[in-house]
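**Student:** Below is the sequence, then the predicted model.
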Amino acid sequence: MKKDWIIPILAISIIGFVIWLNIHEYTKTVINIQKAIPAKIIAIQHFGEKQGTAIKYEVTKSVNKNEEYHEINDADFNNNFFVTTEYETEKKTFGRNSLGESKTKTNYFNLYIYDISLDKTKLPKKIDVYKEMNQRYSENNLHIVYRGVFKSDEHFYSTFGIFSSDNEELNETILYDISQDKWILDKNWSLNKLAWNGFEGESAILYTSNFSDRWYKGKLKTSNNNIIISSNSNDNILDITLFDKYPELSSFRQLDKNENLGLFFSDEIYNKGILNLLVSKDENPYDGLILNKENSIDDQEHEIHSFEDYQKYSRYANKEN
């Protein structure tokens, strides 16, 4: 008789364990942490009668074994300012990934602005963005997203998106005017749209083709009038025409691991002649150049042998140039 109870008891135990496992799996909390670490300036040099600025800066890397931890680095600059960020974003997911509820909040957010108008670094101006936003908004789970520095009407703005997990209607863009030291609420995001309007001149090729992959194998990035060249190894010697044209930058030719060379160019340089500065001497910058299908007028890749080819096939190129 006792043996007759074994199977029902075992079945009930298995069912109970499955129910417990599902409840436990559904109620567990996964925390995903994203941090931004401020970049450190190593050297600054203006060049070309101050038409451009070179900045060597270091991105500090830390080691964290938690697979839910992500580290990013933000740095924006022009002839006058170097801007870098420090923040932590925490995302909590309650329950299973497909069914669970997520809440994202910013734990702290600092903006550092260096005056680099001279060939030396002044003490940074620290702005507590988290404190400023919490004075403006009452939500508990406030989420601040950094969108970079943009230029509009000769003003430079650090731009932020403001959200809340507790208030889906909160979706605003707020800008900090660096030169005027004031905050601006831009509900239509008009200043950002103005800043991203242009794919003008040769600079457009950097955004819309395989130029970076062709010449730098992923080590070159572009943002506004900035070029950022990174190094994944020590004693990396850059062999590009830039250093022949501007010999005052010779000390910037070598990069070590985790170092970046940031280059800011005036509009005149950036939109005309930029390609030849970023390749080796006597190399043809159009050699092997392909316009990405996402940026072509017919959604097809095109070989580009000249700027005229680019204008012909690009959906963004200014056809009047």
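**Tutor:** Nice, I can see it.
**Student:** Test my guess that D267 contacts N225.
**Tutor:** Yes - if you go by Cβ atoms under 8 Å, D267 and N225 touch, sitting 6.8 Å apart. Every residue, glycine included, has its C-beta placed from N, CA and C.
**Student:** Report the buried residues of stretch 143-160.
**Tutor:** H143, I144, Y146, G148, V149, F150, S152, F156, Y157, S158, T159, F160 (16 or more other Cβ atoms under 10 Å).
**Student:** Out of those, which comes closest to E294?
**Tutor:** Among the buried residues of stretch 143-160, G148 lies closest to E294 (Cβ to Cβ), at 21.0 Å.
**Student:** What ranges in this structure fall below the confidence cut-off?
**Tutor:** 1-28, 61-70, 94-100, 119-121, 187-200, 217-218, 224, 317-321 (pLDDT under 70).
**Student:** List the contacts of the residue positioned nearest the centre of it.
**Tutor:** Nearest to the mean C-alpha position of the chain, by Cα atoms, centre = their mean, lies D74 at 6.0 Å. Going by Cβ atoms under 8 Å, 6 or more residues apart in numbering, D74 touches A36, A39, V83, T84, T85, Y146, G148.
**Student:** list the buried ones in the one helix or strand E132 maps to?
**Tutor:** If you go by DSSP states H and E, E132 is part of helix 129-136. Of all the residues in helix 129-136, those buried under the rule 16+ other Cβ under 10 Å are V129, Y130, E132, M133, N134.
**Student:** which residues touch the second one?
**Tutor:** Residues touching Y130, when contacts are defined by Cβ under 8 Å, 6+ apart, comprise Y87, T106, N107, Y108, F109, N110, L142, I144.
**Student:** In ChimeraX, how would I select the buried members of the residues you listed?
**Tutor:** To isolate the buried ones among the contacts of Y130 in ChimeraX, judged by 16+ other Cβ under 10 Å, type:
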select :87,106,109,110,142,144
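**Student:** Could you identify the most distant pair in the contacts of Y130?
**Tutor:** The widest separation within the contacts of Y130 (Cβ to Cβ) is 15.0 Å, between N110 and L142.
**Student:** and which of the buried residues of helix 129-136 is nearest to Y316?
**Tutor:** V129 (32.1 Å).
**Student:** so how far is N79 from that closest one?
**Tutor:** 24 Å (Cβ to Cβ, to the nearest Å).
**Student:** what sits opposite T159 in the beta ladder?
**Tutor:** G148, L175 (DSSP bridges).
**Student:** That one contacts I178, doesn't it?
**Tutor:** No - under the criterion of Cβ under 8 Å, T159 is not in contact with I178, lying 10.8 Å apart.
**Student:** Mind listing the shared neighbours of those two?
**Tutor:** With Cβ under 8 Å, 6+ apart as the test, T159 and I178 both reach V149.
**Student:** What is the end-to-end distance of stretch 185-204?
**Tutor:** One end of stretch 185-204 sits 30 Å from the other (Cα to Cα, to the nearest Å).
**Student:** show me what contacts the nearest residue to L289 once chain neighbours are set aside?
**Tutor:** Closest residue to L289 apart from its sequence neighbours, by Cβ to Cβ, 6 or more residues apart in numbering: I304 at 4.4 Å. I304 sits next to I205, S209, Y286, L289, I290, L291, Y310, Y313 when contact means Cβ under 8 Å, 6+ apart.
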